[in-house]
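In: sequence and predicted structure are below.
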Amino acid sequence: MSRTLLKSILLTTFYISLIFAEIEYRCSDLKRYEIEHHLSTKTPYRVIANLDESKFEYPECKATRIWSVIRHGARNPSKMIIDKAKERLVRIKERILKNTQTRFCPHEIAMFRFWYFNVSADEEKFLVAEGEDEQIELAERMQKRFPHILKDTYDPDVYLFKYTATQRTLKSAESFATGLFGRHRIKHIQYPEALHKDPVLRFYKLCKRWKSDVDKNPDALDYVKKFASGPEMRDVVRHIKHRTQLDDITQEDAHLMYTICAFETAWNKHKKASPWCSVFNRKTIQFMEFAEDLQYYWIDGYGFDITHRQACPAIIDMFDHIDPHSVHSNATFYFTHSGTMLKLLAHLGLYKDKEHLTHKDAAIVRHWRTSAIDAFASNLAFILYECSYEPMVLTLHQERVVRLPGCPQNQDLCSLREMKQIFRNSIERCNFNEMCDIQ
């Protein structure tokens, strides 16, 4: 064999080895911002927050009242997820580290090597430090926008703070109050009794018909099941099997990885995303996001009329509090949950797609994206402006102006009179007990 031929063979072998090394150690194509924007209801609020603190000012108008519903901030997972992470994911991690054939690149392997999950099941769903920051910073921005309403001194005649009977909403309320008044002043705040089944803050917990017909009805998840058994989710599992080189990865594993990816990314704004995010690519993480969107659409959104119709007690409460002649506090802040936020948004007619979402819609551009509309610390606010001509209302979602269906679409403010007409049925025909089959 000639020296030239030998050299050619060696070079060819070398380049082939490089190609296979490229395949073996290909990093995930996901950037951190792409991960953070596709985490459904576990999305950290920082990625969607409106950091522009400009005041919402309108000629001949003065902001005088505010009513706001705020979802709790970033939290720990449920006990079930904590236990699964400590058992199933720990085993998968160990197998990834032992398997020399995995398709992760070196820095991803290093992330797995140093990964551990030390969340205590005793602190399931507890608010975490990032969740506190989300609420503090939200309060500070709102105070800068509405200084005439949100004074920096607590007065029980001006402020009403209320939360549900959970640690995560209590700590969210305290953190929000810290942003307004400072940590040393929050011990003086008076709170009404916290209820697990609050008729305004968590109305759906009282609605028997919604629980039986939707929440506990297997048929309500028909499209969710079809998507779970469809080609997109098979692609997700196939991709994770390829990345991990583990043949026994299941769809349940994929969901667990996505969930832990979301929580750990939300908690750690100054660190790299969770190593479990690296099992996905751009396509598969969006499939996981859509699976969540589809489920929330049918259980908490537009899927069934009873789901959003039952939000009428909250709408009535809002109009009672922002009325110019109201005897209620000028600034009302309710700290609640994802289920309340999504049902309220649907009741208002916001983020509604032309057709119901089905298992076939993963590729469409949709309005109902929980990553954007129901992140941790999501918030909805109605601000009353007393104007020289008539009372007007500004509606904010995620600190941005939204124009409600039925209100003028070419201006920010909608007259209180018009809004009451738009929601006339919600106000006058809110037969909650009858609607929810409560005897």
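Out: Now that the structure is in, tell me what you want to look at. Residues are numbered from 1 along each chain as shown.
In: please name the nearest non-neighbouring residue to the most centrally placed residue in the chain.
Out: With distances taken as C-alpha atoms, centre = their mean, residue 375 lies nearest the centre of the chain, 2.3 Å away. Leaving aside its sequence neighbours, residue 375 sits nearest to residue 43 (C-beta to C-beta, 6 or more residues apart in numbering; 3.8 Å). Backbone N, C-alpha and C define where each C-beta goes, glycine included.
In: ok, the one you found touching residue 49?
Out: No - at 10.9 Å, residue 43 does not count as touching residue 49 under the criterion of C-beta atoms under 8 Å.
In: so which of the two has more stuff around it?
Out: Set residue 43 next to residue 49 and count neighbours by other C-beta atoms under 10 Å: residue 43 wins out with 28 against 18.
In: so who does that one touch?
Out: Neighbouring residues of residue 43 by C-beta atoms under 8 Å, 6 or more residues apart in numbering: 36-37, 262, 266, 370-372, 375-376.
In: now swap in residue 73 and tell me
Out: Residues near residue 73 by C-beta under 8 Å, 6+ apart: 45, 127-128, 130-135, 168, 171-172, 175, 376-377.
In: which one of the residues you listed sits closest to residue 64?
Out: residue 135 (23.8 Å; C-beta to C-beta).
In: run a quick neighbour tally on that closest one.
Out: Around residue 135 there are 29 other residues, counting by other C-beta under 10 Å.
In: nearest spatial neighbour of residue 390, skipping sequence neighbours?
Out: Excluding the flanking residues, the one nearest residue 390 by C-beta to C-beta, 6+ apart is residue 415, at 5.6 Å.
In: hey, what's that neighbour bridged with?
Out: Note on residue 415: beta-bridge partners residue 392, judged by DSSP bridges.
In: and the residue nearest to residue 373 when sequence neighbours are not counted, how many neighbours does it have?
Out: Spatially, and ignoring its direct neighbours in sequence, residue 373 is nearest to residue 351 (5.4 Å; C-beta to C-beta, 6+ apart). By the criterion of other C-beta under 10 Å, residue 351 has 21 neighbours.
In: now residue 333
Out: Using other C-beta under 10 Å, residue 333 is surrounded by 25 other residues.
In: what helix or strand is it on?
Out: strand 331-336 (DSSP states H and E).
In: same question for residue 339.
Out: Under the assignment here (DSSP H and E), residue 339 is part of helix 338-347.
In: roughly how far does the residue nearest to residue 390 sit from residue 425?
Out: Relative to residue 425, residue 415 is positioned 18 Å away (C-beta to C-beta, to the nearest Å).
In: circling back: was I right about the residue nearest to residue 373 contacting residue 374?
Out: No - using C-beta under 8 Å as the test, residue 351 is too far from residue 374 to be in contact (9.6 Å).
In: joint contacts of the two?
Out: Common contact partners of residue 351 and residue 374 (C-beta under 8 Å, 6+ apart): residue 345.
In: may I see the buried residues of the longest strand anywhere in the chain?
Out: Ranked by residue count, the top strand of the chain under DSSP state E comes out as strand 61-71. Along strand 61-71, these residues count as buried under the neighbour rule (16 or more other C-beta atoms under 10 Å): 61, 63-71.
In: residue 163: which of those residues is nearest?
Out: For the buried residues of strand 61-71, the residue nearest residue 163 by C-beta to C-beta is residue 70; the value is 9.5 Å.
In: which residue is the nearest non-sequential neighbour of the closest one?
Out: Excluding the flanking residues, the one nearest residue 70 by C-beta to C-beta, 6+ apart is residue 379, at 4.5 Å.
In: so that neighbour makes contact with residue 69?
Out: Yes - using C-beta under 8 Å, residue 379 is in contact with residue 69, at 7.0 Å.
In: picking up where we left off before, looking only at pLDDT, what's the mean for the helix holding residue 339?
Out: For helix 338-347, the mean pLDDT works out to 98.
In: quick revisit: could you point out the helix or strand that follows the longest strand of the chain?
Out: Note on strand 61-71: by DSSP H and E, the next helix or strand toward the C-terminus is helix 79-84.
In: what packs against whatever helix or strand comes next after that following helix?
Out: Using DSSP H and E, the helix or strand that follows helix 79-84 towards the C-terminus is helix 90-98. Judged by 3 or more C-beta pairs under 8 Å, 6 or more residues apart in numbering; DSSP states H and E, helix 90-98 is in contact with helix 106-113, helix 231-244.
In: may I see the buried residues of helix 90-98?
Out: Within helix 90-98, the residues that qualify as buried by neighbour count (16+ other C-beta under 10 Å) are 92-93, 96.
In: hmm, who's touching that helix?
Out: The contact list for helix 90-98 (C-beta under 8 Å, 6+ apart) reads 102, 104, 109, 112-113, 115, 117, 244, 246, 249, 253.
In: and with 7 Å instead?
Out: 102, 112-113, 115, 244, 246, 253 (C-beta atoms under 7 Å, 6 or more residues apart in numbering).
In: just how off-centre is that helix within its chain?
Out: Helix 90-98 sits 30 Å away from the centroid of its parent chain (C-alpha atoms, centre = their mean, to the nearest Å).
In: that one to helix 231-244, inter-axis angle?
Out: Here helix 90-98 runs at an angle of 50 degrees relative to helix 231-244 (axes from the mean of the first three to the mean of the last three C-alpha atoms, to 10 degrees).
In: returning to that earlier point: need the buried residues of helix 90-98 in a markdown table (columns: distance to residue 293 and pLDDT).
Out: Formatted as a markdown table, the buried residues of helix 90-98 follow (distance: C-beta to C-beta, whole Å; pLDDT from 0 to 100):
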| residue | distance to residue 293 | pLDDT |
| --- | --- | --- |
| 92 | 26 | 98 |
| 93 | 28 | 97 |
| 96 | 29 | 96 |
